[in-house]
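Participant: Sequence below, structure please.
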Amino acid sequence: MKSRPYFNKSIKELEATFKDNQSDGETLNRLIHELGFRSTQRALALKKQVQAANAGQLSKSVPQKTVRQPEALAKQHEPVLPFGEPPKPSEVIRPPESIKTTAKPVAKPPITNDASDILRAWTALEVLSPQGYRRETDLVAGDRKKIARFDEAPLPWELGEKSLPKKRLFYELILGAIELAPAVEKLLKVYADMRPDKPSMRGHSPIASILLDKEGQPLEEETSAAISSFAWGVPIALQGDLKKLADWPAQEKFLKGEFRKRLIKRDRNGDILPLTKSHITELFEHLVAALNLHGHAIKAPYFALRRYEFFASKTPPEPGLLNSFFLEDLAAARVLAHTGKLPEALQHYLGIKKPSQRTNLLEDDAGLQDLLQPALTPPGKWPGKGRFPLALLQQAAVNATNEARLKTGILAVNGPPGTGKTTLLRDVVAARIIERAVVMSEYNRPSQAFTQTNQSLQRRGAKITLHKLDERLKGFEVVVTSSNNKAVENVSAELPALDAIATDAPELRYFKSVSDNVLERDTWGVIAAVLGNSSNRYLFSQGFWRDEENGLSTYLNHASGVPQIVSEPQGGGRPPLKRNRQIIDREHPPSNNREAQERWEKARSIFKTKFDTFKRTQSSLQKLHVQLVRLEHLAVEIHNLVQKLPPLEVEALTIENNLATARHEQQEAETQLEVSRQEQVSHLALRPGLFARLFRTARFRVWLGEQKSLSKKACHDQQLFQNYKKIADDLAAELAAKKELIAQTQKSLNTLRAEKSDLEVSLSQACAEIDVPIPDANFFAGAHEDIQTACLWFDKSACRQRDDVFEAAIQLHRAFIDSAADPLRQNLSVFVETFGTRSLGTPQKDALIADLWSSFFLVVPVVSTTFASVSRMFSRLPNEALGWLLVDEAGQAVPQATVGAMMRTKRSVVVGDPLQIEPVVTLPNSLTEEICAFFGIDPVKYNAPEASVQTVADAASMYCAKFPIGSGHRDVGAPLLVHRRCDSPMFDISNEIAYSNLMVQAKKPSNANPVLGPSCWVDVVGTPGPDKWCADEAVVLIDMLQRLRTSGAEAELYVVTPFVIVQDNLRQELLRSGVLNGWADRPDAWVWGHVGTVHTVQGREAGTVFFVLGAQATSQNGARNWAGSRPNLVNVAVTRAKASLYVIGNRNLWKSAGVFSVLDRYLP
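Facilitator: Numbering: from 1, shown residues only. Below you'll find the model as predicted:
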C-alpha cells in the first residue's frame, strides 16, 4: 500500500502546499493521492484544481516522452482489400462514448497498485491481444475442405451443401479482417518496440464472426456473434487515451446489441432469414463505421468456415475465439472487486490482503521443521515407480497444502528445471483423493451422499433426475491448468499412465478399461481427464461415456441393475449369441445393490484399517516431533538458566558482603546507643534535689541542659541504630530471597537437565528404530546437499503405509461409485452432454451444474485445461465452486491468465520458474508499460514479461525463499532444489546462471556420447546470411546428425535456437538435406516437433540437444546481448539436455554476450 506523506496535514495546509508547488509534478501526484482519501467539498474542489494543474504539467512533458501524439496518423489512409473501401453509411452508430479523432494529454495517477486498477489494466492489455491467422486454413487446423470462399462464388449455404456422415453442418462467417502488420506498425510509430527478436504479428485478425446453421440462418444464441476487441482497441490506442481500453466490456455489450439488431431479420412468419451477400456487406460496413476502422488496412468478408458437430452433441458449436480468452473473467472479477466479494485466494493474488507472516524455507530452520512435522504430512502418497519418497523441500511444499497452513489460499512453488514439479503435483493430487476418501468412509451407504431433487430432464424417452451431492464431498476437485498445452497434457495424460505407478502395485487399477479406451494406450486408471476446448471434451466423452462397449455409462447401468447384454446374430438358423458388453467382463461391476453394498463395506473396512495403521505411526512420530521441539526448547531454557545463575550468585555474594558491613555498623550503633543510655542513667543520678528543682537554681539549670543534650544524643543514637538494623534486616531478607531464587533456579535447571537427558535417550532410541533423519540441530548443521536430499520422519515402512492408504482410497472410490451407481449415472449422463457449458433450461436446473461437476470429479479426480478454455468450460460455475487449482509452468503465463481459474477454486498451488521461459507478449513494452501507467500500476509487479502468474503468486505465498543475486536477492515461493535431470556441465551452467549454486545434483552421471563425444561448443565462424541466419551452422549440424544416424542412434533429440529465423531455416535445411529420411518416421512432422526456438521446448527433454546460435554478423551485438542478458533463454536451452549439449555458433562473438560467458567457461 502506498504511504500517505500528507496524512497529518489539514485541508488548509494541503491548499498551501498546492499553492507553492503548482509546477512540481511529484508533489501534485502526492496531493492527488491524499485527496483521494478525503470526501469534504473543500477537498473535492482542491482535488479538481490539482488534477487540472497536473494535466497541464503532463502536456508540457509529452514532447519529451517516447509516446507521440498520433494526429498525423489520421491522415494516412490505406486501401481496403477485396470489395474496395466500403462507403460510409448514412447513419454511423457510435458506442456510448464516441471515439474522438484528436488525442489530448491525459493525466496519469500515482502508482497505487489498487486491485480494481490492476484488473482494469489487465483488461486493457487483453483488448489489444488479437487471435490472428496468416492463412484461412489456420482457423481450421489446416483443413482446406473446411474453407468456403464466396468472393467469386455463391454463398455456401445457397448451394445446399451436405454435411458429413453422423454430423451436423454449421458455418462460421468471418465478417472481415484487420491486417495485423499495418495496425501494429501504426502502434509502433507511437509506442516504439526496442526488442531485437520481436514476436511476429503478421496475418489478420477477424473483425467479427457469426455462427450460422446449414441454411445460412444466424443462430439465436447470444454467443453466436462475436466482435473483435482488437479492431475496437487499435483506434482507441492511437488516440493516446489508453485508459479507455478498460471500457471494452461495456462497449462490447453495446456494440453487440446494435449489431444483432441488424443481424437477425425475419420473414412474415417470424423465421430468421438466411444471410445474403448484400446483408453481409451491410453488416460489415456497419462495423467498420462503428469501430472507426476507416484508414486501416481491412479485408471485406470473403470466406466462412465449415463447422461439423456430432449429432450426439446436444449443443451448437462454440464460435471461434476472436478476442482474448480472459476478457470475460476479468470483467467478472472487476465486479467482484467493486462489491468486495473477491474469493480469498484472489484477494491475496491481487495484493488486497497480505500474508500475515512469510517463512523463508532456506533460512528459517524452525519454520521448515514446523512445516515438516509428521502431523502435516498427508496420510497417503502417490506410489510412483520405485516408491521413492519426496525430497525435503518437495515434501515441505506438499505439507504446505494442509488446510492449517494454506492460510492465504495460495501456495507458490518455485521449481528450477528437473527438480520434480510433476512428482510434487502427483502427491498433491493423492492428498486430495485421500481427504475425500476419509469423508466417503463416513457413509454407511454411498447413496446417502446424493439427494434427489425435483429437477429432471427427458432423454430418449427416459426421465433423468438430477441429484445434489453432499457438501462434505465437495472441495476436493483438482483442476490442472497452464498456458502451455503440452504442460497440461503432460500432467493429466501422465497421471493415468501405467509407468506413473509402482511396478509392484498390480492391484492399483481404477476403471482401467475406460482409461485405456480414452487414451488409447495402456493405463492404470481413469484418474484424470484432458478437457478444455470442445474438441477435447467431445473426444473424452466418447471414450469415457458414450462407447457402449467400454464406456462408464454401460458400467453404471449394469451396477444399477440394468444388465448390459448384447445379442449378436450367428447365422445359419442358429439363435443369436448373447454376451456381456466388454467393460462388464473386464471391470466386473456388481450385479445388484446387495453385492455393491458388500463391496462397499469391504473396501471401507480395508481403507479404515490402512488409514488407522498409518495414523498410529503418524501419531507416534508426531510425539517424537513434539519431543524434539520440546528438547530444543529445553536447550534454550537450560542455556538461559545457566546464563542466569552466575549473575545471581554474584548478586548474592554482593548482598552478603553488604549485609556483613551493615551488621557491623548496626553493632557499632548499638554499642554507641548503650553508651548514650548509660550516660543518661549516670547523669540522672546527679540530679539536684527538690529545692534546686523548685527554685530552678543555676546548678539545676546546668544539669537540666546537660540532661536534655544527653537525651537528644540517645534519641539520635537510637534512630541510627534502628536505621542500621533495618538496612541489615532488609539485606538479610534480600539475601534469603536471592538464595531461594538460586536454589529454585538450580532446582529448575536440574529438573530441565534431567528432562532433557530423558528426552535425548528416548529420542535416540526412537530415531534408531525409524532409521531416517529427524530435523534436529545436528541435521540443519549438516551439508547443504545432505539436507536437501533427505527424507525426514517416515522410513521405508511408513512410506509403504502411505502408499497402501492411497491404494485403499482408490478402491474405496470405486466401491463408492459402485454403490451410488444410480444417482451418479443420472448426473453424469446429463453432465457429459455439455460438460456444464450450456444451460439446462431453467435457473433451477442450472443451479445444479456445480453438483454435476462435483459428481464428475468424484469419479475423475483431476481435470486439465489450458487457461484459454477456463472461461467457457466453467462458465456456469459459481465462485469457489471447485476445490483446488494446480497451475503448471506458471512462469510462462501472463499474470492475468489465472484470474478466471482462481475465481472458481478455493485454493491454488502455483508451480513454475520465472527464470525459465517468460510469458510471450506481442505488444511492445513501451505500450504495455504506458497502459500500466494510465492505471497507476507498477509494470514490474503486474505486467508481462517482467511479471507472470508465478511472480505474482510468489508475492502472495506464506512460504518463500531468497536467492542471492549480486549484492541483492531474488524473492521466490517455496523452493525446490534437488535436480535429477541433467548431467554436468548442463546442471552446473543452470545452477550458476540462475540459482546461485543452491541446486543439488542428484542424477547419476551418464556415459559420454560415443559418437559426438562429451558436451562441447562447436566453434563455427561462418558467413552471415539474411537476418540472423548462418548456413554454415546448418552444415555443421547436419554433419553431426548424419554421424548420429550412421551410428544407429535414435532421432530422440532437440535442435533449439534463440531466433525464429534460424528455426525456420533449419527446418528447411534439414528436410532438404535428407538426413532425416529413413531415420525419423515423418521428417516433416519431426522438424516441427524437434526443431524450434527455445520458447517452444520448455517442459521437454532429450538425451542430446543442439543449441544453434546464429547472429554471426559483428553488427548483431544487440541480438546476442538480448539472448544473453537474462538467464532465462540459456537456462531453458541447456536443461533440455539430459546427457549431451552441443552449442553451434561463433564462440568469439557469443562468449561475451551476458550469461553465454558461463557456457564459454564450462564447455570445451
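Participant: tell me the pLDDT at the residue of the chain most remote from its centre?
Facilitator: With C-alpha atoms, centre = their mean as the measure, the chain has its most outlying C-alpha, relative to the mean C-alpha position, at residue 691: 115.5 Å. In the predicted model, residue 691 carries a pLDDT score of 83.
Participant: before we move on, what about residue 96?
Facilitator: If you check residue 96, the pLDDT there is 40.
Participant: how about the nearest residue to the residue farthest from the centre of the chain, chain neighbours excluded?
Facilitator: residue 697 (7.8 Å; C-beta to C-beta, 6 or more residues apart in numbering). The way it works is simple: take the backbone N, C-alpha and C, and place the C-beta from them, glycine included.
Participant: Do I have it right that the one you found meets residue 688?
Facilitator: Yes: using C-beta atoms under 8 Å, residue 697 is in contact with residue 688, at 6.9 Å.
Participant: Compare these two (neighbour count), which wins?
Facilitator: residue 688 (17 against 14; other C-beta atoms under 10 Å).
Participant: got the contact list for that one?
Facilitator: Taking C-beta atoms under 8 Å, 6 or more residues apart in numbering, we find residue 688 in contact with 697, 699-700, 703.
Participant: Any of these buried? List them.
Facilitator: Those of those that meet the buried threshold are 700, 703, by 16 or more other C-beta atoms under 10 Å.
Participant: Among the contacts of residue 688, which one lies nearest to residue 260?
Facilitator: Of all the contacts of residue 688, the one sitting nearest residue 260 is residue 703; the distance, using C-beta to C-beta, is 131.4 Å.
Participant: just checking, residue 763 touches residue 631?
Facilitator: Yes: shown here, residue 763 and residue 631 form a contact pair, counting by C-beta under 8 Å, at 6.6 Å.
Participant: who has more neighbours, these two?
Facilitator: residue 631 (20 against 17).
Participant: picking up where we left off before, pop out the phi and psi values for the residue nearest to residue 691.
Facilitator: Backbone torsions for residue 697, taken as degrees, to the nearest 10, come to phi -70, psi 170.
Participant: pLDDT wise, what is it at?
Facilitator: At residue 697, the pLDDT value in this model is 89.
Participant: Residue numbering should commence at 34 henceforth.
Facilitator: Taking 34 as the first residue, the last one we looked at is residue 730.
Participant: I'd like to know how far it sits from residue 463.
Facilitator: Computed as C-beta to C-beta, to the nearest Å, the residue 730 to residue 463 distance reads 118 Å.
Participant: Identify the residues contacting stretch 594-610?
Facilitator: Residues lying outside stretch 594-610 but in contact with it, judged by C-beta under 8 Å, 6+ apart, are 581, 587-588, 590-591, 611-614, 616-617, 624-626.
Participant: Helix, strand or coil: sort out residue 612 for me.
Facilitator: Residue 612 falls in the strand class when you classify it by DSSP: H, G, I helix; E, B strand; the rest coil.
Participant: now it, nearest residue through space, not along the chain?
Facilitator: Leaving aside its sequence neighbours, residue 612 is closest to residue 599 (6.1 Å, by C-beta to C-beta, 6+ apart).
Participant: Please, which helix or strand holds the one you found?
Facilitator: Here residue 599 is covered by strand 598-601, with elements defined by DSSP states H and E.
Participant: ok, that strand: who's next to it in the sheet?
Facilitator: Within its sheet, strand 598-601 is paired with strand 610-613 (antiparallel), according to DSSP bridges.
Participant: Give the rounded mean pLDDT of the strand it pairs with.
Facilitator: 89.
Participant: and that strand, how far from the chain's centre?
Facilitator: 51 Å (C-alpha atoms, centre = their mean, to the nearest Å).
Participant: Now do the buried residues in that strand.
Facilitator: Neighbour-count burial for strand 610-613 flags residue 613 (criterion: 16+ other C-beta under 10 Å).
Participant: Give me the next element, helix or strand, following that strand.
Facilitator: Taking DSSP H and E as the definition, the helix or strand that follows strand 610-613 towards the C-terminus is helix 615-620.
Participant: contacts for that next one?
Facilitator: Contacts with helix 615-620, where a contact means C-beta under 8 Å, 6+ apart, come from 544-547, 582-585, 587-588, 591, 597, 622.
Participant: Any idea which of those residues the model trusts least?
Facilitator: residue 597 (91).
Participant: what separates it from residue 589, distance-wise?
Facilitator: If you measure residue 597 against residue 589 using C-beta to C-beta, the figure is 10 Å.
Participant: Neighbour count for these two, which is higher?
Facilitator: The residue with the greater number of neighbours, taking residue 597 and residue 589 and applying other C-beta under 10 Å, is residue 589; the counts read 25 against 20.
Participant: contacting residues for that one?
Facilitator: Residues in contact with residue 589 (C-beta under 8 Å, 6+ apart) are 622, 850, 854-855, 857-858, 861.
Participant: For the longest helix anywhere in the chain, name the packing helices and strands.
Facilitator: Ranked by residue count, the top helix of the chain under DSSP state H comes out as helix 626-718. Taking 3 or more C-beta pairs under 8 Å, 6 or more residues apart in numbering; DSSP states H and E as the contact definition, the neighbouring helices and strands of helix 626-718 are helix 731-803, helix 829-852.
Participant: and the next helix or strand after that helix, which residues are buried?
Facilitator: As assigned by DSSP H and E, the chain's next helix or strand after helix 626-718 is helix 723-727. The neighbour-count check on helix 723-727 (16+ other C-beta under 10 Å) flags residue 725 as buried.
Participant: ok, now stretch 170-188?
Facilitator: Along stretch 170-188, the positions that meet the burial threshold by neighbour count (16+ other C-beta under 10 Å) are 172-173, 179-181, 183, 188.
Participant: And stretch 1173-1183, by the same measure?
Facilitator: Residues of stretch 1173-1183 classed as buried by neighbour count (16+ other C-beta under 10 Å): 1173-1180, 1182-1183.
Participant: likewise stretch 768-782?
Facilitator: Neighbour counts using 16+ other C-beta under 10 Å place 768, 771, 775, 778, 782 of stretch 768-782 among the buried residues.
Participant: In this structure the third one contacts residue 682, no?
Facilitator: To tie it back to what came earlier, the one meant is residue 775. Yes: shown here, residue 775 and residue 682 form a contact pair, counting by C-beta under 8 Å, at 6.3 Å.
Participant: now residue 288: how far from residue 319?
Facilitator: Relative to residue 319, residue 288 is positioned 10 Å away (criterion: C-beta to C-beta).
Participant: same thing with residue 1067?
Facilitator: Distance from residue 1067 to residue 319, counting by C-beta to C-beta: 51 Å.
Participant: So, low pLDDT: which residues of the stretch 684-833 of the chain?
Facilitator: Low-confidence segments of the stretch 684-833 of the chain, defined by pLDDT under 70, are absent; every residue clears the threshold.
Participant: Could you list the low-confidence segments of this structure?
Facilitator: Residues of the chain that meet the cut-off, pLDDT under 70, sit at 34-38, 40-41, 58-59, 69-70, 72, 87-139, 225-234, 345-348.
Participant: mind giving me the domain split of it?
Facilitator: 44-98, 149-372, 390-479+504-585+827-847+882-946+981-1008, 641-803, 1020-1195 (automatic domain parsing).
Participant: I'd like those domains as JSON lines, with distance to residue 956 appended.
Facilitator: Formatted as JSON lines, the domains of the chain follow (distance: least, C-beta to C-beta, whole Å):
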{"stretch": "domain 44-98", "distance to residue 956": "17"}
{"stretch": "domain 149-372", "distance to residue 956": "6"}
{"stretch": "domain 390-479+504-585+827-847+882-946+981-1008", "distance to residue 956": "11"}
{"stretch": "domain 641-803", "distance to residue 956": "52"}
{"stretch": "domain 1020-1195", "distance to residue 956": "16"}
